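*Asks:* I would like to see how this sequence folds:
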Amino acid sequence: MTDRPQSPLAAVPDEIGGHDLLAGKKVVVTAAAGTGIGFASARRALLEGADVLVSDFHERRLAETVEKLSGEFGDQQVTSFVCDVSSTEQVDALLASAAEQLGRVDVLVNNAGLGGETPVVDMTDEQWDRVLDITLNSCFRATRAALRYFREADHGGVIVNNASVLGWRAQRGQAHYAAAKAGVMALTRCSAVEAADYGVRINAVAPSIARHPFLAKVTSDELLDELASREAYGRAAEVWEIAATIAMLASDYTTYLTGEIVSISSQRA
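*Replies:* Numbering: from 1, shown residues only. Okay, the predicted model is just below:
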């Protein structure tokens, strides 16, 4: 690493307030329990005026998430559905339950994903399959279920997928995760062409690094510090910065945008 002057943008900004970008919308967010991008996306949707259904496979953390969001947004609907995204049956039931609980579905945020650090030479079939299933196949399952819902609905909608700059970049120990996220990007582009038939837009965000406690459990502090230092700002993104871009893509501010991958990076794709 070479020394460089610190950017004024290295200072973490205060979170911006809501602007009713999603007022009246009904939003579903997968893998929303905890402290990561999913939780931040659910909170941002509420901040922008939406009602929200949060989903996760971890029942206790999901209940805690609903309690926390309901306490902050008492005038809006916050509901939940326990779902293992590796199960087609449970993902189909998630969309059906969301439509029933919220009255309709306008936005799906596909946030579920699983990473880890393993060199290809040491990677097992099980490690490869698990990351691909949770990160890519789950996005396919939820997209399929949502499009089947929208095909029969009398309104269109939006799907926003959470990809990663690793769909473009190379990084040691991340072959399974990078392959899965590149697949999410390809799925986004191809499904968007088909989804236009049902009045549905599909886009994806590709964050570089957004630091949060869950990520710290699966990635070393040394690597996170190194990755953050490479960014032009010299820092990682805050999860709300990712969530704010997701909300924009879900809103009517991007009605002529579909099949696109938006890099959320202070560097470049």
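*Asks:* for this structure, which strand is longest?
*Replies:* Longest strand in the chain by number of residues (criterion: DSSP state E): strand 200-207.
*Asks:* residues of stretch 242-255 that come out buried?
*Replies:* Neighbour-count burial for stretch 242-255, counted by 16 or more other Cβ atoms under 10 Å, picks out 242-251, 254. Yep, even glycine has a C-beta here, placed from its N, CA and C like the rest.
*Asks:* average pLDDT for the longest strand of the chain?
*Replies:* Averaging pLDDT along strand 200-207 yields 97.
*Asks:* circling back: from the buried residues of stretch 242-255, which is closest to Asp20?
*Replies:* For the buried residues of stretch 242-255, the minimum distance to Asp20 (Cβ to Cβ) is 9.3 Å, reached by Ser251.
*Asks:* so who does the nearest residue to the closest one once chain neighbours are set aside touch?
*Replies:* Leaving out its chain neighbours, the residue that sits closest to Ser251 by Cβ to Cβ, 6 or more residues apart in numbering is Leu21, at 4.0 Å. Counting by Cβ atoms under 8 Å, 6 or more residues apart in numbering, Leu21 touches 48-49, 247-248, 250-253.
*Asks:* quick one: which of the residues you listed sit in helices?
*Replies:* The helices, defined by DSSP state H, take in 247-248, 250 from those.
*Asks:* Throw the residues you listed into a markdown table and include distance to Leu102 and pLDDT, thanks.
*Replies:* Formatted as a markdown table, those follow (distance: Cβ to Cβ, whole Å; pLDDT from 0 to 100):
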| residue | distance to Leu102 | pLDDT |
| --- | --- | --- |
| Ala247 | 17 | 98 |
| Met248 | 21 | 98 |
| Ala250 | 14 | 98 |
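*Asks:* Make CSV from the buried residues of stretch 242-255 and add distance to Glu89 to it.
*Replies:* Listed next are the buried residues of stretch 242-255 as CSV, based on distance: Cβ to Cβ, whole Å:
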residue, distance to Glu89
Ile242, 30
Ala243, 29
Ala244, 33
Thr245, 32
Ile246, 27
Ala247, 30
Met248, 33
Leu249, 29
Ala250, 26
Ser251, 31
Thr254, 32
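*Asks:* and which of the residues you listed is nearest Val109?
*Replies:* The closest of these, once distances to Val109 are taken by Cβ to Cβ, is Ile246, at 6.0 Å.
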